[in-house]
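Q: predicted model and sequence below, questions to follow.
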Amino acid sequence: NFCSLMEFAELLKRRFIKNVTLRRGKKVPAKGNVHLTSHHLIFMPDGDAGEELWLLYSHVNSMEKRMTSANSFLTVRCRTLVSFQFEFVTGDDCMDVHNAVDTLARPASLENLYPFYFRPRQEIPPASWKVDLESELTRMGCPRGTLRLSSVNEDFKVCLSYPEDVIVPASVDDKALVRSAKFRQHGRFPVVSYYHKSTQAVLMRSSQPLGGTHNHRCSEDEAIVNSTLSRSRRGYIIDTRSPGAAQQHKHRGGGTEVEAHYPQWRRQHCSLDSLEALLESYYKLMDACADVNCSASSWLSRLASSNWNSHVCNLLHASANVAQIVGKEGGCVLVHGIAGWDFSLQITSLAQVLLDPHCRTYVGFQQLVEREWIRPGHPFSLRCGHTSGSRVNERSPIFLLFLDTVWQILNQYPCSFEFNERLLIKLFEHAYVSEYGNFLCNNQRERRALRLEELTHSLWGYLSQEAIRDECLNPAFYANDALLSPSSAAQSVELWSGLYLRLFRGDRLNQDDLWMQASILRQKRADAEDRVLQLQQEYEALQELARKQSDSSPADSSQRDES
């Protein structure tokens, strides 16, 4: 690490620039100095002129220089949807900062990212990097003999992108899993995501079958999928592609399950758009949100043309449909698209948010992200562009779309979540740029090779700190065990202004004061509930005492009469 830091330092032409003005959002401009380190651009204001700014180079998405005869300006747009403008006295100052940030913003390898160098100033509570799947099965109320934990993928010898331990039907042996892996793209055979205790329905995910135009079949794969159904039960295969797209992949060797081979399963297509279409939509949305000078009509037009809310509506509709099938109809569901590590994870995790109240708690939602996103092999480094080696056509805001859809559900059911939007925003920020190692790499195999658990800190430990937790809790939370049924109509889906427009909304609403008041009210409510419980116990004790006295009264009376 020391050698790498020295290499980074050699790339810096200058480390200190004086007389710089920082502008961010609608805050008052601050004057100060810029310090350039191996990983950060640090703005230090003069006196009490404002707050310090510690900006990781990897935080930067794009920069724009503007030179005038008087001063030079550098506008920095970040990957977490915030922007800053620096004003320099000379053009050389502006160019030196631009070149330094541009050089260090995208390292060639993950080992050069900041999580490997981060040393917290205060101790972070220890947090497990692993998910206890046995405990999850118990928590879900899964009867013995229904599902089991398999280590068939030990040392990642069956599927490179799966974790070593997976949940599968208990009636299927490991040999069948190995044969099924050869029939599924990237070896991603069907695994269980969730068991619904009330309906005894199972939610599974996989990649597409490799049936091709000749409709090749795999009896072991059929056995795995069919083993979750009784003779009278019907299952649903949710294909995240359109029928046309599925047919195209069939001509390339992929395709869908043949109905004759899976007779109890009905296929549905939910037609979620491609990675490229989603990325293009996201860029349009960002351009619209960054333009502070456009008129109201122009803003609404650009928002509509971005098509972002349509992606949210489609995903919300597909996830609600799966939750209804599992939670109300009692049908088993298998979700897949092409590789099974993008849109499939969106649907299975969102369905669990709707079905399982534990996933709507502060800790439960973090466990869901670990269990349904990180461990199953969502390629975070590729989709989020963590290094200079990631290609543009591999990037896509898949995880952001999931978080946005969770926010839509939270917005429609504001009392059913223990956390508020701040937790969602923190997860979004740390997925793209973080001091912690959880979201690095594309799967568990790569994380083990880089020894992430040994060399980096865990985000879950940071989020478990009391101050961070209190900031992210919802003061209006009231536990709700019911299945949530959000509306996916276009009129019900809103722009997540707390994220996309947070600089402007935050300045206008003074949210810190509001959340402080909400935290105080939440504490008062907790104190009141404790007092009610105490009074109830005292009341029950008095009732018991009165009953005992009443029982002893007749005996005392008879004794007095005899005397």
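A: Yes, it's here. Everything numeric in this text was worked out from a predicted model, so none of it was measured.

Q: residue 77 - how many residues pack around it?
A: By the measure other Cβ atoms under 10 Å, the count of residues near residue 77 is 18. The way it works is simple: take the backbone N, C-alpha and C, and place the C-beta from them, glycine included.

Q: and if you look at residue 62?
A: When neighbours are counted by other Cβ under 10 Å, residue 62 registers 12.

Q: helix or strand: which one has it?
A: According to DSSP states H and E, residue 62 maps onto strand 60-67.

Q: flag every buried residue along that strand.
A: Of the residues in strand 60-67, those scored as buried under the neighbour-count criterion (16 or more other Cβ atoms under 10 Å) are 60, 61.

Q: next SSE downstream of it?
A: Following strand 60-67 in sequence order, the next helix or strand is strand 72-78 (DSSP H and E).

Q: low pLDDT regions in the stretch 401-550 of the chain?
A: For the stretch 401-550 of the chain, residues meeting the criterion pLDDT under 70 lie at 503, 505-519.

Q: where does pLDDT dip in the stretch 1-150 of the chain?
A: Under the criterion of pLDDT under 70, the regions of the stretch 1-150 of the chain flagged as low confidence span 1-11, 49.

Q: that one: helices as residue ranges?
A: In order along the chain, the stretch 1-150 of the chain carries the following helices (DSSP state H, counting those that start in this stretch): 2-10, 91-104, 133-139.

Q: now do the buried residues in the last one.
A: So the one you mean is helix 133-139. Taking 16+ other Cβ under 10 Å as the neighbour-count basis, helix 133-139 is seen to contain the buried residues 133, 136, 137.

Q: just stretch 289-301 next, same as before
A: By neighbour count, and taking 16+ other Cβ under 10 Å as the criterion, the buried residues in stretch 289-301 are residue 289.

Q: from the opening residue of it to its closing one, how far?
A: Start-to-end span of stretch 289-301 (Cα to Cα, to the nearest Å) is 12 Å.

Q: could you check how far that stretch is from the centre of its chain?
A: Going by Cα atoms, centre = their mean, to the nearest Å, the spacing between the C-alpha centre of stretch 289-301 and its chain's C-alpha centre is 29 Å.

Q: out of the helices of the stretch 1-150 of the chain, which one sits most buried?
A: With neighbours defined as mean count of other Cβ atoms under 10 Å, the helices of the stretch 1-150 of the chain peak in mean count at helix 91-104, which reaches a mean of 18.

Q: return the list of helices and strands in contact with it.
A: strand 16-23, strand 30-36, strand 40-45, strand 60-67, strand 72-78, strand 83-88 (3 or more Cβ pairs under 8 Å, 6 or more residues apart in numbering; DSSP states H and E).

Q: ok, residue 356 - contacts?
A: Taking Cβ atoms under 8 Å, 6 or more residues apart in numbering as the contact definition, residue 356 lies against 140, 194, 364.

Q: the nearest residue to residue 326 once chain neighbours are set aside: how many residues sit nearby?
A: Ranked by Cβ to Cβ, 6 or more residues apart in numbering and with sequence neighbours excluded, the top spatial neighbour of residue 326 is residue 201, at 4.6 Å. A count of neighbours around residue 201, defined by other Cβ under 10 Å, yields 23.

Q: so residue 425 sits in a helix?
A: Yes: membership of residue 425 in a helix is supported by DSSP: H, G, I helix; E, B strand; the rest coil.

Q: correct me, but it touches residue 497?
A: No: here residue 425 does not reach residue 497: they are 11.7 Å apart, not a contact under Cβ atoms under 8 Å.

Q: out of the two, which sits in the busier spot?
A: Under the neighbour definition other Cβ under 10 Å, residue 425 and residue 497 were set side by side, and residue 425 has more, 19 against 13.

Q: can you put the contacts of residue 356 in TSV and add distance to residue 30 and neighbour count?
A: Formatted as TSV, the entries for the contacts of residue 356 read as follows, by distance: Cβ to Cβ, whole Å; neighbours: other Cβ atoms under 10 Å:
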residue	distance to residue 30	neighbour count
140	51	17
194	49	26
364	40	17
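
Q: for residue 47, state which of the residues you listed is nearest.
A: Lowest distance from residue 47 to the contacts of residue 356 (Cβ to Cβ) belongs to residue 364, with 45.3 Å.

Q: read off the pLDDT value for that closest one.
A: pLDDT for residue 364: 96.

Q: what about the nearest residue to it once chain neighbours are set aside, which SS state?
A: Closest residue to residue 364 in three dimensions, ignoring its sequence neighbours and counting by Cβ to Cβ, 6+ apart: residue 358, at 4.1 Å. Using three-state DSSP, the structure places residue 358 in helix.

Q: ends of stretch 207-216, how far apart?
A: End-to-end distance for stretch 207-216: 15 Å, by Cα to Cα.

Q: name the nearest residue to residue 249, sequence neighbours excluded.
A: Closest residue to residue 249 in three dimensions, ignoring its sequence neighbours and counting by Cβ to Cβ, 6+ apart: residue 255, at 5.9 Å.

Q: contact partners for residue 439?
A: 374, 380, 384, 430, 431, 459.

Q: neighbours around residue 467, how many?
A: Residues within reach of residue 467, counting by other Cβ under 10 Å, total 6.

Q: dihedrals phi and psi, it?
A: Here the main-chain torsion angles of residue 467 (degrees, to the nearest 10) amount to phi -60, psi -40.

Q: where does the stretch 151-300 of the chain dip in pLDDT?
A: Looking along the stretch 151-300 of the chain with the criterion set at pLDDT under 70, you get no residues whatsoever.

Q: if we use 90, what do you get?
A: Scanning the stretch 151-300 of the chain for pLDDT under 90 picks out 229-234, 270-274, 287-300.

Q: how close does residue 313 sit to residue 337?
A: Residue 313 sits at a distance of 18 Å from residue 337 (criterion: Cβ to Cβ, to the nearest Å).

Q: looking at the two, which is more packed in?
A: When neighbours are counted by other Cβ under 10 Å, residue 337 comes out ahead of the other of residue 313 and residue 337, with 27 against 19.

Q: quick one on the thing from earlier: partner strands of the strand holding residue 62, parallel or antiparallel?
A: Strand pairing for strand 60-67, determined by DSSP bridges: strand 72-78 (antiparallel).
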